[in-house]
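**Q** predicted coordinates and the sequence they were generated for:
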Amino acid sequence: MQTTAEVSGSGLDLIFKYIDEQQNEFVQELKEWVAIPSDSSDPQAWDKIVRMLNVTADKIKTLGGNVELADLGSQKMSNGQSVHLPPVILAELKKDPKKPTLCIYGHVDVQPAKKEDGWTTDPYTLTEINGNLYGRGASDNKGPVLAWLHAVEAYQSLKQELPVNIKFIIEGMEEAGSNGLDTLTEQRNMTFFSDVDYIVISDNIWISKKPALTYGTRGNCYFFVEVEGQKQDMHSGVFGGSIHEAMTDLIALLDSLVESSGHILIPAINEAVAPLTEEEKKRYQGIQFDLEVHKKDCGVTKFLFDTKEEILQHRWRYPSLSIHGIEGAFFETGTKTVIPRKVIGKFSIRLVPNMDPSEVEKQVTEYLHKVFAERNSPNQLKVTMPISAKPWLADVSDPQFVAGRRAVQTVFGVDPDLICEGSTIPIARNFQDVTGKSIMMLPIGGADDGEHSQNEKMSRSSYIQGTKLFAAFFYELSQLPHK
Ligand SMILES: NCC(=O)N[C@@H](Cc1c[nH]cn1)C(=O)O
Ligand SMILES: [Zn+2]
Ligand SMILES: [Zn+2]
């Protein structure tokens, strides 16, 4: 572990003190960011994402950054309409060719949130309760993006030279699948990315109280299953019993996907999954993860599996299928006796090495059409896959992991766990395949942050210690042999 003398030689002690002293200002800035409802799920609200990106761009400019708002063109929606995508921030701070270049990726869009979903506080008003900062995007991912910017600010305010060159890619469409960013990455591979040595992402969480470095994420294939029946909604008393109902067909289709054990019923879907090796099996044993604490965090009494190893494997290295919702269904309060005309079921499959989205799309589509054919329904079935992302896996012997480990030791005084992430950062695998650069994830969020849930939060401590971690990481990267 690094000694205090080494830390003070690096100037990090002063930086840490500055971060502690500035923490109320940093929280206030997060409050301003959370107040912008930059929900990417609704194209009607993408103007808020543009506003959020402009606020982020202005912040980077105050740090002396050169900022480009790169255009991503348009996206064709399922109704055939074309909508212009929000831009992506490509930014660079002043460059010194003698230093390595770190590219920081993050996103400033959020998942939808409404008070009536069951939030205790207004989701877009950052509210501090018992040391926790509640608000949509506090952890996913506005808090960590701001923590990176504040780490830079700390060096600059103390007139300390930044140990590394820094670039930023900040997008506003991550929660909607990062459409367009893959093409931009290809277009800028020989320019923006050419002098990048390391790419780092902080868009995930620890799995316990122990800090972690992340070397893998699952991918995702998101499906829409549309069943269209009659030309309008109908009275169930008049027509019930004499027509094939779209909703009944859809429920049967959704029910055919997964067993109560979690086993996915689509034939051959598990065939591509990389076999579990003995060496990998051992890795799970050493990881700090308490099933009882996890149960409490999730608010459940029982999991699908009984051991820590099985739970982690089914979160990191096996596929899973989740059903998310039904568009067009009657869902309000009351007892409307309606037969909905058209319903769209939404489900997704998390992908692991060596699953491929185009194979999964084929397997799912063929299977659903077969199940539907067996129902002899005259209704119309349409299966589409609006979002797909491949899984990502890094080589943990990459030197970036050495810098990450040392930075964790400096700030937290412990060795980090090496973990994977069950969720998806759609662009991670693309960065890897296209740029070939070193990629690591350096999470600062807590296991109980409730990303995508009601009452999402980040603790003040994670936010502030996380800012120190990023500042220490800049220093540790500069200490690696420069390529
Ligand atoms: N913090 C990462 C995250 O939440 N990513 C989303 C991205 C996604 C994948 N498919 C649709 N959106 C996630 O759900 O994993
Ligand atoms: Zn995220
Ligand atoms: Zn998310």
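**A** Sure, I can see it. Ligands and ions are numbered 1, 2, ... in the order given.
**Q** pull the longest helix from the protein.
**A** Secondary structure of the chain per DSSP state H: the longest helix is helix 460-478.
**Q** now do that one, average pLDDT.
**A** The pLDDT scores in helix 460-478 average 98.
**Q** show me where the stretch 1-150 of the chain has its strands.
**A** 66-70, 74-76, 82-84, 88-92, 101-107, 127-129, 132-134 (DSSP state E, counting those that start in this stretch).
**Q** the residue in the stretch 251-400 of the chain positioned nearest to ligand 2: neighbour count?
**A** Closest contact between the stretch 251-400 of the chain and ligand 2, by Cβ to the ion, is at Ala389 (12.3 Å). Glycine gets a C-beta too; all of them are placed from N, C-alpha and C. By the criterion of other Cβ atoms under 10 Å, Ala389 has 24 neighbours.
**Q** what's the answer for the one 5 residues further on, then?
**A** Using other Cβ under 10 Å as the criterion, Ala394 is surrounded by 21 other residues.
**Q** which ones are touching it?
**A** Applying Cβ atoms under 8 Å, 6 or more residues apart in numbering, we find Ala394 in contact with Tyr215, Gly216, Phe401, Gln432, Ser438, Ile439, Met440.
**Q** quick check on it: phi, psi?
**A** Torsion angles at Ala394 (phi, psi; degrees, to the nearest 10) stand at phi -100, psi 160.
**Q** and it, how close does it get to ligand 1?
**A** 16 Å (Cβ to the nearest ligand atom, to the nearest Å).
**Q** get me the contact residues on the stretch 51-200 of the chain for ligand 2.
**A** Contacts of the stretch 51-200 of the chain with ligand 2, taken as Cβ under 5 Å from the ion, map to Asp140, Asn141.
**Q** Gln409 in helix, strand or coil?
**A** Here Gln409 is recorded as helix under DSSP: H, G, I helix; E, B strand; the rest coil.
**Q** pretty sure it is touching Leu469, no?
**A** No - if you go by Cβ atoms under 8 Å, Gln409 and Leu469 don't touch, sitting 10.4 Å apart.
**Q** what about those two, which has more around it?
**A** Per other Cβ under 10 Å, whichever of Gln409 and Leu469 has more neighbours is Leu469, with 24 against 17.
**Q** tell me the contacts of the more buried one?
**A** Counting by Cβ under 8 Å, 6+ apart, Leu469 touches Pro211, Ala407, Val408, Val411, Phe412, Leu442, Ile444.
**Q** kindly report the same for Val396.
**A** So Val396 contacts Leu213, Tyr215, Leu418 (Cβ under 8 Å, 6+ apart).
**Q** roughly how far does Val88 sit from ligand 2?
**A** To ligand 2, Val88 is 15 Å away according to Cβ to the ion, to the nearest Å.
**Q** now, the most widely separated pair of the contacts of Leu469?
**A** Using Cβ to Cβ, the two most remote members of the contacts of Leu469 are Phe412 and Leu442, lying 12.2 Å apart.
**Q** phi first, then psi, for the residue of the stretch 251-400 of the chain closest to ligand 2.
**A** Here the main-chain torsion angles of Ala389 (degrees, to the nearest 10) amount to phi -150, psi 140.
**Q** how many other residues sit next to the closest residue to it other than its chain neighbours?
**A** Using Cβ to Cβ, 6 or more residues apart in numbering and skipping residues adjacent in sequence, the residue nearest Ala389 is Pro426, 3.7 Å away. Neighbour count for Pro426, taken as other Cβ under 10 Å: 25.
**Q** could you report the separation of Pro426 from ligand 1?
**A** In this view, Pro426 and ligand 1 are 6 Å apart by Cβ to the nearest ligand atom.
**Q** my guess is that residue contacts Ser178. True?
**A** Yes - Pro426 is within contact range of Ser178, at 4.1 Å (criterion: Cβ under 8 Å).
**Q** find residues that contact each of those two.
**A** Residues touching both Pro426 and Ser178 (Cβ under 8 Å, 6+ apart): Ala389.
**Q** got any residues that touch both of Gln409 and Leu469?
**A** The contact sets of Gln409 and Leu469 do not overlap (Cβ under 8 Å, 6+ apart).
**Q** show the model's pLDDT score for Glu32.
**A** Glu32 is given a pLDDT of 98.
**Q** if you skip the residues just before and after it, what's nearest to it?
**A** With Cβ to Cβ, 6+ apart, the residue lying closest to Glu32 is Val55, at 7.5 Å.
**Q** tell me which residues touch the most centrally placed residue in the chain, please.
**A** Geometric centre of the chain, nearest residue: Ile425, 4.7 Å, by Cα atoms, centre = their mean. Counting by Cβ under 8 Å, 6+ apart, Ile425 touches Tyr105, Glu174, Ile201, Asp203, Asn204, Thr217, Ala389, Trp392, Met441.
**Q** let's see that with 6 Å instead.
**A** Ile201, Asp203, Thr217 (Cβ atoms under 6 Å, 6 or more residues apart in numbering).
**Q** how far away is the nearest residue to Ile444 once chain neighbours are set aside from ligand 2?
**A** For Ile444, ignoring the flanking residues on the chain, the nearest one in space by Cβ to Cβ, 6+ apart is Gly466 at 3.0 Å. Noted for Gly466: a distance of 15 Å to ligand 2, by Cβ to the ion.
**Q** so Lys457 sits right up against Asn132, yeah?
**A** Yes - applying Cβ atoms under 6 Å as the test, Lys457 and Asn132 come out as touching, 4.4 Å apart.
**Q** which one of the contacts of Leu469 is nearest ligand 1?
**A** The nearest member of the contacts of Leu469 to ligand 1, counting by Cβ to the nearest ligand atom, is Ile444 at 12.4 Å.
**Q** residues in contact with the closest one?
**A** Ile444 neighbours (Cβ under 6 Å, 6+ apart): Pro144, Ser202, Ser462, Gly466.
**Q** pLDDT score for the nearest residue to the first one once chain neighbours are set aside?
**A** Read that as Pro144. With Cβ to Cβ, 6+ apart as the criterion, Pro144 has its nearest non-adjacent residue at 4.1 Å, and that residue is Ser202. pLDDT for Ser202: 98.
**Q** go on, Met1?
**A** We note a pLDDT of 50 for Met1 in this prediction.
**Q** same question for Thr4.
**A** 51.
**Q** same question for Met77.
**A** Per-residue pLDDT puts Met77 at 81.
**Q** related to what we said a few turns ago, just want to know which of Phe412 and Leu442 has more residues nearby.
**A** Just comparing Phe412 and Leu442: by other Cβ under 10 Å the higher neighbour count belongs to Leu442, 27 against 16.
**Q** residues contacting that one?
**A** Residues near Leu442 by Cβ under 6 Å, 6+ apart: Val200, Ser202, Gly404.
**Q** check contacts around Ser322.
**A** Applying Cβ under 6 Å, 6+ apart to Ser322 gives the contacts Ser348.
**Q** specify the local secondary structure of it.
**A** Secondary structure state of Ser322, per three-state DSSP, is strand.
**Q** just the one 3 residues further on next, same as before
**A** Classification of Gly325 into helix, strand or coil gives strand, according to three-state DSSP.
**Q** right, I'll call it a day here.
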